[in-house]
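1. what follows is a predicted structure for the sequence shown.
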Amino acid sequence: MSIARTTEISASSSKSFEDAVRKGIKRFSKTINRVEGAWVKEQKVVVNDGDVSEYRVTMKVTFVLED
């Protein structure tokens with residue numbers, strides 16, 4: 001039997017939402033093993049002088065607990 005847990009993280013990128021998701025999952029996976037998936041809860045951008053300067057995502061990441 002497996003038990004999973006979900007936790008919320010935030011990540012950002014100057015390139016895209018997709019890049020922010022990838023960076024967030026990659027960094028989270030350095031600390032937590034057995035990451036199973038993620039749900040993007042929120043997306044937002046930072047605007048400077050009328051241009052998008054940063055893409056931010058908030059995700060709920062699911063991982064399986066170790067025995």
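-> Perfect, thanks for sending it.
2. switch to C-alpha atoms for all contacts and neighbour counts from now on
-> Noted.
3. what residues does the host helix or strand of residue 20 touch?
-> In the assignment (DSSP states H and E), residue 20 maps to helix 17-31. Around helix 17-31, the neighbours that count as contacts under C-alpha atoms under 8 Å, 6 or more residues apart in numbering are 9-13, 35, 43, 55-57, 59.
4. what's the pLDDT at the spatially most central residue of the chain?
-> In the chain, the C-alpha closest to the average C-alpha coordinate belongs to residue 24, at a distance of 3.9 Å (C-alpha atoms, centre = their mean). In this prediction, residue 24 carries a pLDDT score of 98.
5. now residue 62
-> According to the model's per-residue confidence, residue 62 sits at a pLDDT of 98.
6. can you pull the contacts of it?
-> In this structure, residue 62 makes contact with 4-7, 35-38, judged by C-alpha under 8 Å, 6+ apart.
7. mind putting those in JSON lines, pLDDT and distance to residue 49 included?
-> Below are those laid out as JSON lines (pLDDT from 0 to 100; distance: C-alpha to C-alpha, whole Å):
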{"residue": "4", "pLDDT": "96", "distance to residue 49": "43"}
{"residue": "5", "pLDDT": "96", "distance to residue 49": "40"}
{"residue": "6", "pLDDT": "97", "distance to residue 49": "37"}
{"residue": "7", "pLDDT": "98", "distance to residue 49": "34"}
{"residue": "35", "pLDDT": "97", "distance to residue 49": "38"}
{"residue": "36", "pLDDT": "96", "distance to residue 49": "39"}
{"residue": "37", "pLDDT": "97", "distance to residue 49": "36"}
{"residue": "38", "pLDDT": "97", "distance to residue 49": "32"}
